[in-house]
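Q: Fold the stuff below for me.
(4 chains)
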Number of protein chains: 2
Amino acid sequence: MSAPRTLDRTLLALADPTRRAILQRLSAGEARVTEVARPFDMSLNAVSKHILVLERARLVKRRRVGRDHFLSYRPEPLDAAAQWIAETRTFWASRLDTLERLLREEDEAERTRTSTDTP
Amino acid sequence: MSAPRTLDRTLLALADPTRRAILQRLSAGEARVTEVARPFDMSLNAVSKHILVLERARLVKRRRVGRDHFLSYRPEPLDAAAQWIAETRTFWASRLDTLERLLREEDEAERTRTSTDTP
DNA sequence: TTGACATTCAACTGATCAGTTGAATATATT
DNA sequence: AATATATTCAACTGATCAGTTGAATGTCAA
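A: Numbers count the residues shown, from 1 in each chain, chains lettered A, B, ... in the order given. Modelled structure (predicted):
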């Protein structure tokens, strides 16, 4: 089951290029908030808020050392999202296949019937 | 490359349980707007807007037949998202592994040095 | 033609989001 | 103690979102 809110938060957090860039940076190793913010053309506060969104989704963990906050990437939610998407995709695809197969069979029947009815 | 906006729209569209439920319904086959809306405890208009979000993300296609609009599920964006997540996850994980390996080696060196320095 | 049906359009509300600026807090440095 | 640094908090703006209601549009059916 896994509360859908978690998935919501993960996908929402990932649906933003700035946040994905932050995660990419952190996947290379821990960094402080200021370091993370440096490359971006926006205020430190703005980045701080993005980090909060990532934290809420548990994609980022914070370790306080004095005045420095070290941020690190947590892969678990991404793993979960990947698994959900993979499973769902397969399931939905199989249902589509079923439908398409049925339609194909119907078409087949139709064609046969027509060609027999009007030779 | 694949314009990140596409990914943004896909993930954003998926980050909502109502929209995921709509997709699930459509994965079982085409349906009209009213049919899709029926199970939900919200106005038809609200569902219509969710459908629009899904259309913008190209997860849903619309086929007009008279006054009826038949909606169908399009798997491509989900495939793309799954692929992106899978690749990214692997890449980020490998970078994490590298870092962890480095840290482990550092620790190892530290331990060795210490134990040699103070036997 | 009249009326019912399927759907969207338009306008509105309340919530959330992304960003800004300025101040506050806490820690480090001199 | 004074100052600089790292970070958040608070308050604000503008945009987008999720939902509502009521009207408009287009099509089917009697």
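
Q: Tell me how far stretch A:35-44 lies from the chain's centre.
A: Average the C-alpha atoms of stretch A:35-44, do the same for its chain, and the two points are 23 Å apart (CA atoms, centre = their mean, to the nearest Å).

Q: Check stretch A:73-92 too.
A: Once both centres are worked out by CA atoms, centre = their mean, stretch A:73-92 turns out to sit 7 Å from its chain's centre.

Q: again, but for stretch A:30-44
A: Taking CA atoms, centre = their mean, the mean C-alpha location of stretch A:30-44 is offset from the chain mean by 23 Å.

Q: Just the buried positions in that stretch, please.
A: Residues of stretch A:30-44 classed as buried by neighbour count (16 or more other CB atoms under 10 Å in any protein chain shown): A:Ala31, A:Val33, A:Val36, A:Ala37. C-beta: built from backbone N, CA, C; applies to glycine.

Q: Return only those of the residues you listed found close to DNA strand D.
A: On the criterion CB under 7 Å from any atom of the strand, A:Val33 are the entries of these that sit beside DNA strand D.

Q: wait, which of the buried residues of stretch A:30-44 is closest to chain B?
A: A:Ala31 (11.4 Å; CB to the nearest CB).

Q: Could you measure from the closest one over to A:Gly66?
A: 16 Å (CB to CB, to the nearest Å).

Q: repeat for A:Leu26
A: Here the criterion is CB to CB. By it, A:Leu26 lies 20 Å from A:Gly66.

Q: the more surrounded of these two?
A: Per other CB atoms under 10 Å in any protein chain shown, whichever of A:Leu26 and A:Gly66 has more neighbours is A:Leu26, with 25 against 5.

Q: right, and the more buried one touches A:Pro75 too?
A: No. A:Leu26 lies out of contact with A:Pro75 (CB atoms under 8 Å); the separation is 10.5 Å.

Q: Around DNA strand D, pick out the residues from chain A.
A: Where chain A comes near DNA strand D, counting by CB under 7 Å from any atom of the strand, the residues are A:Arg32, A:Val33, A:Thr34, A:Glu35, A:Leu44, A:Asn45, A:Ser48, A:Ile51, A:Arg62, A:Arg67, A:Asp68, A:His69.

Q: any idea which helix or strand carries the fourth one?
A: Following DSSP states H and E, one finds A:Glu35 within helix A:33-37.

Q: Do I have it right that A:Arg56 meets A:Ala13?
A: Yes. A contact is recorded between A:Arg56 and A:Ala13 when judged using CB under 8 Å, the distance being 7.4 Å.

Q: So A:His69: helix, strand or coil?
A: Using DSSP: H, G, I helix; E, B strand; the rest coil, the structure places A:His69 in strand.

Q: does it have beta-bridge partners, and which?
A: Residues found in beta-bridge contact with A:His69 (criterion: DSSP bridges) are A:Arg64.

Q: What is the nearest of the buried residues of stretch A:30-44 to DNA strand D?
A: Nearest to DNA strand D, judged by CB to the nearest atom of the strand, of the buried residues of stretch A:30-44 is A:Val33 at 3.6 Å.
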